[in-house]
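Trainee: prediction below, plus the sequence it came from.
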Amino acid sequence: MKPVAVFAPLPGMMTCREFEDLMYAYLEHELPWYRRLFVWLHFVLCRECRAYVRRYNYSLEAGKAVFAAPEEPVPDDVPRELIAALRKARDRKATE
Ligand SMILES: [Zn+2]
């Protein structure tokens, strides 16, 4: 069996959009290793997504509260503006 060219079409394989979609799963270690690899690769290759992750990493807990269980009350210690921003991002996503 020839080595499969799994790694051949590397750069640009994942779009920023896909990266964004997978980012939460990645940060939560919910992805199989090969998906993590592609997410990681995009992360390494894409400066914008690195900035994106840095910006959103700290708000992951709040993000989970909003994205995972939108109908549940959000903890009081989460800044209101953050919730609003995340809700807005979610709604924008949903209508796209
Ligand atoms: Zn990107």
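Mentor: Now that the structure is in, tell me what you want to look at.
Trainee: top helix in the protein by residue count?
Mentor: helix 80-95 (DSSP state H).
Trainee: that one - what's its average pLDDT?
Mentor: For helix 80-95, the mean pLDDT works out to 69.
Trainee: what's the mean pLDDT across stretch 23-32?
Mentor: Computed over stretch 23-32, the average pLDDT equals 82.
Trainee: quick check: buried residues in it?
Mentor: 23, 24, 26, 27, 31 (16 or more other C-beta atoms under 10 Å). (C-beta placed from N, C-alpha, C; glycine too.)
Trainee: got the CA positions of stretch 27-47 in CSV?
Mentor: What follows is stretch 27-47, C-alpha atoms only, in CSV (Å, rounded to 0.1, in the frame of the first residue of the first chain):
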residue,chain,number,x,y,z
LEU,A,27,-10.4,23.7,22.8
GLU,A,28,-12.7,21.2,24.6
HIS,A,29,-10.6,18.2,23.3
GLU,A,30,-13.6,16.7,21.7
LEU,A,31,-12.1,16.2,18.3
PRO,A,32,-10.3,13.0,17.0
TRP,A,33,-6.6,13.5,16.6
TYR,A,34,-6.7,13.9,12.8
ARG,A,35,-9.2,16.7,13.0
ARG,A,36,-7.2,18.3,15.8
LEU,A,37,-4.2,18.1,13.5
PHE,A,38,-6.0,20.1,10.8
VAL,A,39,-7.4,22.6,13.2
TRP,A,40,-3.9,23.0,14.7
LEU,A,41,-2.4,23.4,11.3
HIS,A,42,-4.7,26.1,10.4
PHE,A,43,-4.0,27.7,13.7
VAL,A,44,-0.3,27.6,13.0
LEU,A,45,-0.6,28.9,9.5
CYS,A,46,-3.3,31.5,9.9
ARG,A,47,-2.4,34.6,11.9
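Trainee: do that stretch and the ion meet?
Mentor: Yes - counting by C-beta under 5 Å from the ion, the ion has neighbours in stretch 27-47: residue 46.
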